[in-house]
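# just a sequence and a predicted model for now, questions to come.
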Amino acid sequence: MTNNKNIIQFVACDCVGKTSTLMTYYEGQDPYPRIPTVYDCTEQEFVCKKKKYFVEFWDYVDYGDREKLRIYQFKKSEMFVLLYHPFKPHTFKKLRTVFLDVIRSVCEDPYLVVVATFSHQWEDEEILNKMEKENKKPIMREQGIEFNKEIKGLGFFEVSTKKVNELQQVFQQILTVFFEEKQKRKKKNSSFFSKLF
Ligand SMILES: Nc1nc2c(ncn2[C@@H]2O[C@H](COP(=O)(O)OP(=O)(O)OP(=O)(O)O)[C@@H](O)[C@H]2O)c(=O)[nH]1
Ligand SMILES: [Mg+2]
């Protein structure tokens, strides 16, 4: 039997890699050329502990002030994948200063995960040296892990569209932790209500 829809919203500044991450998961490669997203939705069935779930991944662009669109999208979502680009520190900052507040204002107890994109660039000396010369600091893994703890997220993950297998495994892990946590909360709520009545 397939359970109801489970809507997973991708959240990030533009150019962080929302669409290419999703497309690499689905199609095994980064799409080319890049097209800024207005709104997109991809669907899949996912099996976790012998149960079949229907998942929708929602993807949208976040240029400028998109407050109304954000609220509209976020209200309908249950799980939020918060993505940032470690070499563009403002994309990490905005998760905390903008996106999280909006999510919490429309969703009482959201399921959250934190994902750093462009992970292969940690091996790129040129990029690291360039940042150092410009006196800029990348967002370190530890900061991503700490952020996930602070917001009581379900996990911190790293992806790169250049590492397809790893990326696809990360998606499996994200979906698994989501559905496991959902089951846990369901059990907790039902035992709470059974004590009441
Ligand atoms: N080298 C490299 N490029 C990546 C990676 N992830 C994304 N990109 C590239 O980064 C660019 C932006 O990616 P998108 O997926 O379009 O970003 P987005 O967050 O969906 O952007 P908007 O739709 O404008 O909000 C694209 O050219 C991708 O090919 C990665 O891990 N490595
Ligand atoms: Mg996009």
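Perfect, thanks for sending it. Numbers count the residues shown, from 1 in each chain. Ligands and ions are numbered 1, 2, ... in the order given.
# return the least confident helix or strand in the chain by mean pLDDT as PDB; C-alpha atoms alone will do.
Averaged element by element with mean pLDDT, DSSP states H and E, the chain has its least confident helix or strand at strand 2-11 (a mean of 82). In PDB, the C-alpha atoms belonging to strand 2-11 read as follows (Å, rounded to 0.1, in the frame of the first residue of the first chain):
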ATOM      1  CA  THR A   2       1.300   3.500  -0.800                       C
ATOM      2  CA  ASN A   3       1.000   6.100   2.000                       C
ATOM      3  CA  ASN A   4      -0.100   9.700   1.400                       C
ATOM      4  CA  LYS A   5       2.100  12.300  -0.300                       C
ATOM      5  CA  ASN A   6       5.200  13.300   1.500                       C
ATOM      6  CA  ILE A   7       6.400  16.700   0.400                       C
ATOM      7  CA  ILE A   8      10.100  17.500   0.700                       C
ATOM      8  CA  GLN A   9      11.100  21.000   0.000                       C
ATOM      9  CA  PHE A  10      14.500  22.000  -1.200                       C
ATOM     10  CA  VAL A  11      15.600  25.300   0.400                       C
END
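# list the contacts of that strand.
Contacts with strand 2-11, where a contact means C-beta atoms under 8 Å, 6 or more residues apart in numbering, come from 18, 21-22, 45, 51-60, 62, 73-74, 76-83, 95, 99, 103, 178-179, 182. Every C-beta, even on glycine, is put in place using the N, C-alpha and C of the backbone.
# again, 6 Å this time
18, 52-59, 76-82, 99 (C-beta atoms under 6 Å, 6 or more residues apart in numbering).
# drop anything exposed from those residues.
18, 53, 55-59, 77-82, 99 (16 or more other C-beta atoms under 10 Å).
# tell me where the protein is predicted with low confidence.
1-3, 64-65, 192-197 (pLDDT under 70).
# name the element residue 90 belongs to?
Here residue 90, judged by DSSP states H and E, is contained in helix 89-94.
# may I see the buried residues of that helix?
For helix 89-94, by 16+ other C-beta under 10 Å, it's 89, 91, 92, 94.
# now the residue nearest the centre of the chain, which residues is it bridged with?
Nearest to the geometric centre of the chain sits residue 81, at 1.7 Å (C-alpha atoms, centre = their mean). Beta bridges link residue 81 to residue 10, residue 113, judged by DSSP bridges.
# enumerate the residues of this protein near ligand 1.
Within the chain, the positions adjacent to ligand 1 are 12, 14-20, 30, 34, 36-37, 61-62, 117-118, 160-162 by C-beta under 6 Å from any ligand atom.
# so of those, which ones are in strands?
With strands taken from DSSP state E, there is no overlap with these.
# show me how to select, in PyMOL, the buried members of the residues you listed.
Restricted to buried positions by 16+ other C-beta under 10 Å, the PyMOL selection for those reads:
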select buried, resi 12+15+16+17+18+19+20+30+37+61+62+117+118+160+161
